[in-house]
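**Q** Provide a 3D model corresponding to the input given below.
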Amino acid sequence: MESPPRPLAPTPSAFTTRPTLTGSFGMSASTHWLATATSQSVLEQGGNAFDAAVAAAFVLHVVEPHLNGPGGDLVAILATADDPTPRVLAGQGAAPQGASIEHFTALGLDHVPGAGALAAAVPGAVDSWLWLLARHGTWELEPVLAYAIFYAEQGHAITGQLASVIAAVEELFHAHWPTSARLWMPQGRPPAPHDIIVNRQYATTLRRLIAAGSTSGSRQKRIEAARQEWKSGFVATAIEKFVARPHRHSTGRDHAGVLRAADIAGFEPELEPAVTFTFRGTTVAKSGIWGQGPVLLQALAILDHFERRLIDPDTAEGVHTIVEALKLAMADRESYYGHLEAEEARGVVAQLLSREYAKERARLIGPTASTELRPGVTGRTPYVPPLATAESVEAGAGLGEPTVSRSGQTRGDTCHLDVVDRHGNIISATPSGGWLQSSPAVPDLGFCLGTRLQMTWLDPAAPSRLEPGRRPRTTLSPTLLLRDGEPLAALGTPGGDQQDQWQLSYLLRTLVGGQSPQQAIDAPMFHTTAVPSSFWPRTWTPTGLVVEDRVGPTVVDELRRRGHEVTVSAAWSLGRLSCAGRDPGSGQLYAAANPRGAQGYAAGR
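**A** Residues are numbered from 1 along each chain as shown. Modelled structure (predicted):
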């Protein structure tokens with residue numbers, strides 16, 4: 001069944017908060033207007049999409065430090081003007097050599113903490129962005145980093161969300177994380193919304209990276225010298241020294257971290273083949289089974305067995321079908337996803353995305369909400385993780401992933417950016433980790449470490465188990481669309497376990513419903529919480545469903561009648577989608593961005 005053509009503008013009667021932007025030169029979209037403006041500035045000065053994305057990413061470190069940081073990670077999916085084949089930049093660091101199940105259980109832990117350096121994977125973000133710039137960019141490092149240095153030194157007005165996050169951890173900062181208190185509360189109190197804050201420590205770190213490559217021969221060698229300074233120089237040395245000191249974790253106790261300079265030196269970004277599934281004429285490309293990318297592909301494969309009216313995200317019946325398909329796909333995520341050997345990973349993905357398997361899963365969707373975690377039968381023994389509810393765990397110090405609460409309130413989450421240029425280069429990237437509330441700031445570096453290891457299980461039977469050298473399963477899940485082998489669009493969203501769920505609604509609205517990109521982004525969003533969270537303390541709500549109240553009371557009542565435990569969130573509260581792409585019919589470039597939170601913007605011409 002072919003999808004209807006994708007319109008770039010809504011029908012005359014359809015309201016959108018902004019237009020879907022169109023042009024022919026270049027398009028940028030991100031979760032913060034300063035990152036979008038930075039990206040577009042680079043394009044205007046002759047940089048390509050990869051130069052623009054790297055410059056924007058470093059700005060996001062400065063202006064959204066509660067959502068991502070230099071000590072975090074990223075996943076990006078891209079295609080170049082020379083090769084339209086989708087590739088995944090795996091900027092997710094692995095578990096350090098000292099991060100073993102035995103070490104954690106000897107500390108009396110049954111989960112990896114959600115806050116504190118003990119949960120830090122090798123930081124992959126900075127090294128991966130520099131790797132991308134060296135191999136696919138065209139600009140020198142100094143002008144690329146100049147934007148981030150400017151905002152770090154001269155300051156920027158903070159958003160209300162950033163102010164509220166700092167306020168939420170004020171007591172922790174004062175009592176246990178003094179380096180963070182000095183960096184983020186220099187006046188001894190949390191900043192207020194619109195206050196100007198600076199991060200001169202991070203500006204100095206970036207200047208030192210630039211200086212490390214100033215005497216090298218070629219552009220690429222200069223960038224490689226900066227990478228080595230990060231991996232083996234002053235940055236790695238400072239991190240090892242600091243994390244060795246015990247500090248407060250989300251357990252309520254003090255622990256020392258296990259990350260060492262040798263772990264950082266051993267990291268190398270990888271450009272990997274994407275995993276793809278073709279849904280009604282459009283190929284959807286995602287990262288591999290070490291992340292959660294195949295969840296979206298599995299859900300599409302299941303929903304491909306239903307007629308259009310049953311997968312309409314604007315009806316109760318459609319929401320029910322979509323959510324039940326997602327629950328099945330995410331149950332498989334829990335049982336089979338992990339950092340597997342390449343041949344095993346290909347075999348698992350091939351089976352999970354096969355038409356026969358998807359048909360079997362589709363038959364399980366009935367008229368009422370399932371109350372069980374139902375992994376499929378694949379010939380492998382499914383791993384079933386501990387199933388704890390929110391009522392059965394106690395809160396601790398700090399935060400795990402600062403994402404969407406059970407009530408639907410957005411506490412923060414992650415960042416996202418999309419860029420397409422007139423040459424045919426395109427990238428979608430989701431940077432995350434290293435949130436200011438995840439672990440104490442490393443002195444003089446201007447950032448803290450991420451806590452991605454909280455996504456691993458302290459169980460040797462788990463495919464996503466904690467093990468030295470293995471990547472933790474990540475929720476970072478950008479998307480690239482292709483039609484007839486040509487890149488069509490880059491898209492994604494922050495949101496932890498919700499990332500692929502919100503993107504699924506977008507795809508169904510555009511590829512099946514014929515909505516414009518901005519219409520699909522503006523439309524009411526929903527997601528299931530009937531899956532163990534990827535983040536500490538790893539709870540689930542067996543029939544949980546969160547919807548924006550714009551879906552209407554009739555839809556909510558019908559979903560409750562079908563057995564869903566519905567939480568109604570505020571009208572414009574779920575999802576932070578953005579996209580940038582190229583219309584194959586007209587050749588026009590386009591972009592759209594999320595209005596929620598009054599922070600994300602698209603730009604272009």
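**Q** let's verify the closest residue to residue 517 other than its chain neighbours: helix, strand, or coil?
**A** Take residue 517 and drop its neighbours on the chain: the residue closest to it by C-beta to C-beta, 6 or more residues apart in numbering is residue 592, 4.0 Å away. Any C-beta I mention is one placed from the backbone N, CA and C, and that applies to glycine too. Of the three states, residue 592 takes strand under DSSP: H, G, I helix; E, B strand; the rest coil.
**Q** any idea how many residues pack against residue 592?
**A** 32 (other C-beta atoms under 10 Å).
**Q** now for it: which residues touch it?
**A** Residue 592 is in contact with 18, 20, 21, 29, 516, 517, 518, 521, 578, 579, 602, counting by C-beta atoms under 8 Å, 6 or more residues apart in numbering.
**Q** endpoints of stretch 225-242, how far apart?
**A** Stretch 225-242 has an end-to-end distance of 24 Å (criterion: C-alpha to C-alpha, to the nearest Å).
**Q** now do that stretch, average pLDDT.
**A** Stretch 225-242 comes out with an average pLDDT of 97.
**Q** go through it and flag the buried ones.
**A** 225-231, 233, 235-236, 238-240, 242 (16 or more other C-beta atoms under 10 Å).
**Q** quick one: contacts of that stretch?
**A** 71, 117, 123, 126-127, 130-131, 134, 141, 179, 205, 208-210, 212-213, 216, 259-261, 264-265, 267, 440, 442-445, 449.
**Q** as a check, name the ranges of all strands in the stretch 351-500 of the chain.
**A** Under the criterion DSSP state E, counting those that start in this stretch, the stretch 351-500 of the chain carries strands at the ranges 417-421, 426-432, 479-483, 486-492.
**Q** make TSV out of those strands and add distance to residue 322.
**A** Output for the strands of the stretch 351-500 of the chain, formatted as TSV (distance: least, C-beta to C-beta, whole Å):
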stretch	distance to residue 322
strand 417-421	23
strand 426-432	22
strand 479-483	16
strand 486-492	17
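**Q** ok, back up a step: the residue nearest to residue 517 pairs with what?
**A** Judged by DSSP bridges, the bridge partners of residue 592 are residue 579.
**Q** ok, longest helix in this structure?
**A** helix 316-336 (DSSP state H).
**Q** could you say what helices and strands it packs with?
**A** If you count contacts as 3 or more C-beta pairs under 8 Å, 6 or more residues apart in numbering; DSSP states H and E, helix 316-336 packs onto helix 293-303, helix 342-352, helix 355-362, helix 499-507, strand 526-528, strand 544-548, helix 553-561.
**Q** got the angle for the last one vs helix 316-336?
**A** Here helix 553-561 runs at 50 degrees with respect to helix 316-336, directions being taken by axes from the mean of the first three to the mean of the last three C-alpha atoms, to 10 degrees.
**Q** any idea which residue is closest to the centre of the protein?
**A** Most central in the chain under C-alpha atoms, centre = their mean is residue 476, positioned 3.3 Å from the mean C-alpha point.
**Q** low-confidence stretches in the stretch 101-250 of the chain?
**A** Scanning the stretch 101-250 of the chain for pLDDT under 70 picks out nothing.
**Q** need the helices for it, in chain order.
**A** Using DSSP state H, counting those that start in this stretch, the helices found in the stretch 101-250 of the chain span residues 101-106, 125-136, 141-154, 160-168, 170-175, 178-184, 200-212, 219-232, 234-243.
**Q** quick one, which of those is nearest to residue 562?
**A** helix 160-168 (33.7 Å; C-beta to C-beta).
**Q** distance between the closest one and the chain's centre?
**A** 20 Å (C-alpha atoms, centre = their mean, to the nearest Å).
**Q** what helices or strands is that helix leaning on?
**A** In terms of contacts (3+ C-beta pairs under 8 Å, 6+ apart), helix 160-168 is packed against no helix or strand at all.
**Q** so where's the protein uncertain?
**A** The model of the chain has pLDDT under 70 over residues 1-13, 391-413.
**Q** let's see 50
**A** Counting by pLDDT under 50, the chain shows low-confidence ranges at 1-5, 396-412.
**Q** list the contacts for residue 24?
**A** 422, 587, 588, 589, 605.
**Q** any figure for the gap between residue 143 and residue 46?
**A** Distance from residue 143 to residue 46, counting by C-beta to C-beta, to the nearest Å: 11 Å.
**Q** these two: which has the busier surroundings?
**A** residue 143 (14 against 9).
**Q** could you measure that one against residue 539, distance?
**A** Distance check for residue 143 against residue 539: by C-beta to C-beta, it reads 46 Å.
**Q** most neighbours of all the contacts of residue 24, which one?
**A** Highest neighbour count within these: residue 589, with 23 neighbours (other C-beta under 10 Å).
**Q** check which residues of stretch 270-283 are buried.
**A** Buried residues in stretch 270-283 (16+ other C-beta under 10 Å): 274, 275, 276, 277, 279, 280, 282, 283.
**Q** one more: stretch 459-471?
**A** Applying 16+ other C-beta under 10 Å to stretch 459-471 flags 462, 463, 464, 465, 466, 467, 470, 471 as buried.
**Q** one more: stretch 564-576?
**A** 564, 565, 566, 567, 568, 569, 572, 573, 574, 575, 576.
**Q** quick one: residues contacting the first one.
**A** Under the criterion of C-beta under 8 Å, 6+ apart, the contact partners of residue 564 comprise 320, 323, 369, 543, 544, 545.
**Q** try it again with 6 Å
**A** Going by C-beta atoms under 6 Å, 6 or more residues apart in numbering, residue 564 touches 369, 543, 545.
**Q** could you identify the buried members of those?
**A** 369, 543, 545.
**Q** and the nearest residue to residue 532 once chain neighbours are set aside, how many residues sit next to it?
**A** Of all residues not flanking residue 532 in the chain, residue 540 sits nearest, at 4.6 Å (C-beta to C-beta, 6+ apart). By the criterion of other C-beta under 10 Å, residue 540 has 21 neighbours.
**Q** just the one 4 residues further on next, same as before
**A** Residue crowding around residue 544 was assessed by other C-beta under 10 Å; the count is 22.
**Q** go ahead and confirm it touches residue 563.
**A** No. In this structure residue 544 lies outside contact range of residue 563 using C-beta atoms under 6 Å: 11.4 Å.
**Q** report the contact partners of residue 424.
**A** Counting by C-beta under 6 Å, 6+ apart, the residues that residue 424 touches are residue 81.
**Q** from residue 589, how far off is it?
**A** With C-beta to C-beta as the criterion, residue 424 and residue 589 are 10 Å apart.
**Q** ok, now residue 554?
**A** 39 Å.
**Q** cool, residue 323 as well?
**A** 33 Å.
**Q** that older thread, export the contacts of residue 564 to JSON lines and tack on distance to residue 389?
**A** Below are those laid out as JSON lines (distance: C-beta to C-beta, whole Å):
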{"residue": "369", "distance to residue 389": "16"}
{"residue": "543", "distance to residue 389": "11"}
{"residue": "545", "distance to residue 389": "15"}
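**Q** now, which of those residues sits nearest residue 430?
**A** Nearest member of the contacts of residue 564 to residue 430, counting by C-beta to C-beta, is residue 545, at 24.0 Å.
**Q** leaving out chain neighbours, which residue sits closest to that closest one?
**A** residue 564 (4.2 Å).
**Q** give me the distance between the residue nearest to residue 302 when sequence neighbours are not counted and residue 60.
**A** With C-beta to C-beta, 6+ apart as the criterion, residue 302 has its nearest non-adjacent residue at 4.2 Å, and that residue is residue 325. Distance, residue 325 to residue 60, by C-beta to C-beta: 32 Å.
**Q** tally of neighbours for the nearest residue to residue 320 once chain neighbours are set aside?
**A** Closest residue to residue 320 apart from its sequence neighbours, by C-beta to C-beta, 6+ apart: residue 562 at 5.4 Å. Using other C-beta under 10 Å, residue 562 has 20 neighbouring residues.
**Q** likewise residue 601?
**A** 23.
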